[in-house]
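Undergrad: Build the 3D model from these lines:
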Amino acid sequence: MKRYAELLWSGTGKEGKGHFITESKALNNTLFNYSSRFESGEGTNSEELLAAAHAGCFTMKIAFFVNAKGFTAEKLDTKCIITMDNGVISASHLILKAIVPGISQEDFDAIVQECKEKCMVSQLFNFVTTCESVLEG
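TA: Below is the predicted model of the structure:
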């Protein structure tokens, strides 16, 4: 499988602006500029897109692994926080809140640890990935 995304940019790094075009059209015309990247301006940024990719990949992997153990997740709520310090992306932190009826804490913790390490997006990152999880209910 191959997917694509494009960014069309015009202008300088600070005063210019761009917008995305993606194969799925989900991000089409999403604004990307200096203000959205380094301040709190409208639009998206690379770190937010990385966080979305990491949360999505990790959560789906959890769902598959939970199911392989014979359980079905009622809720998997993952927040991913990407940290950028001095122009370098230095960390990704996953926060998972889950409801998985019938699963033991031990099985759940083992699944979370394995998925944190084996999720395809985690494997791409060359920085620390941490995770905290809560099995609710």
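Undergrad: residue contacts, the residue nearest the centre of the chain?
TA: Most central in the chain under CA atoms, centre = their mean is His54, positioned 2.5 Å from the mean C-alpha point. His54 makes contact with Cys80, Ile82, Ser92, Leu94, Cys119, Val121, Ser122, Phe125, Thr129, according to CB atoms under 8 Å, 6 or more residues apart in numbering. Where C-beta positions appear, they are placed from N, C-alpha and C, glycine not excepted.
Undergrad: Check which helix or strand it maps to.
TA: helix 46-68 (DSSP states H and E).
Undergrad: Report the next helix or strand after that helix in sequence order.
TA: strand 75-85.
Undergrad: Pull the residues that contact the next helix or strand after that next one.
TA: Remark: after strand 75-85, the chain's next helix or strand is strand 88-99, criterion DSSP H and E. Residues from elsewhere that reach strand 88-99, judged by CB under 8 Å, 6+ apart: 47, 50-51, 54-55, 58-59, 62, 73-84, 108, 112, 116, 122, 125, 127-137.
Undergrad: 6 Å - rerun?
TA: With CB atoms under 6 Å, 6 or more residues apart in numbering as the test, strand 88-99 has contacts from 54, 58, 74-83, 125, 127-137.
Undergrad: Now the buried members of those residues.
TA: Buried residues within the contacts of strand 88-99, counting neighbours by 16 or more other CB atoms under 10 Å: His54, Phe58, Leu76, Thr78, Cys80, Ile82, Thr129, Cys131, Ser133, Leu135.
Undergrad: part of a helix, is the last one?
TA: No - remark: Leu135 does not belong to a helix; assigned using DSSP: H, G, I helix; E, B strand; the rest coil, it is strand.
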